[in-house]
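Visitor: My questions are about this predicted structure, shown below with the sequence.
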Amino acid sequence: MEKMRIDKWLWSARFYKTRTLAAEEIDKGRVQINGQDVKPARDVKAGDTLTLRQGPVLRVVVVKGLSMQRGAAPVAQLLYDETPESVANRQQAAEQRKLNNEPADSIEHGRPTKRDRRSMDKNWGDRWSASVD
C-alpha cells in the first residue's frame, strides 16, 4: 500500500473523528497537499506535506506512513511528523488563548444571571405586585 485517499488518512491519523468530517473540511478548502487544494478522493503518499486548519490553528505535517485502520492515538501519531514551526505556532496560539481574558467578564450590564435574579427575588418578600403598598 503506497497510496490512500486523503480523507481516510486524516481519519486514521486521528485529525478528524469521522471520514465525513474530514471530507467536509477538505471540501471547505481547509486541507492542502503540497500547497494545493484537494478533493477528498485525492491520494496521499509518504513524504507529502499536508497543511490543515483546525479552528484557529494551522498545522503543517509530513506524512510518514499509511494505515487503513484507525488505531490508538499513540499509533496514529507515528503516521506523521509535525514541523517544528507548526509546533511552535500551535504552542504560541495556545499561550495567547490562555492569556486572553474571557469576553463575558467585561460585561457590566445586561441580562441578569440566575444568581442576580435570585437576589432580586429575595427583596420582594411576600409582595405580589411592584406597586407601592
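Guide: Now that the structure is in, tell me what you want to look at.
Visitor: Sketch out the helices for this protein, chain order is fine.
Guide: For the chain, applying DSSP state H gives helices covering 6-12, 19-27, 73-76, 84-99, 114-122.
Visitor: mind listing what's buried in the third one?
Guide: Same thing as helix 73-76. The neighbour-count check on helix 73-76 (16 or more other CB atoms under 10 Å) flags residue 76 as buried. Any C-beta I mention is one placed from the backbone N, CA and C, and that applies to glycine too.
Visitor: centre of the chain versus it, how much separation?
Guide: 18 Å (CA atoms, centre = their mean, to the nearest Å).
Visitor: now swap in the first one and tell me
Guide: Centroid displacement of helix 6-12 relative to its chain, using CA atoms, centre = their mean, is 16 Å.
Visitor: that older thread, could I get the helices of the chain as TSV with mean pLDDT and distance to residue 108?
Guide: Shown next, in TSV, are those (pLDDT from 0 to 100; distance: least, CB to CB, whole Å):
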stretch	mean pLDDT	distance to residue 108
helix 6-12	94	44
helix 19-27	94	39
helix 73-76	92	43
helix 84-99	90	22
helix 114-122	84	12
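Visitor: hey, which of those is tucked in deepest?
Guide: helix 6-12 (a mean of 23; mean count of other CB atoms under 10 Å).
Visitor: For that one, which outside residues touch it?
Guide: 16-19, 22-23, 25-26, 31, 33, 38, 40-44, 50, 52, 63, 66-71, 76, 79 (CB atoms under 8 Å, 6 or more residues apart in numbering).
Visitor: Sort out which of those are in strands and list them.
Guide: Mapping those onto strands (DSSP state E) picks out 31, 33, 43, 44, 50, 52, 63.
Visitor: Thanks a lot, catch you later.
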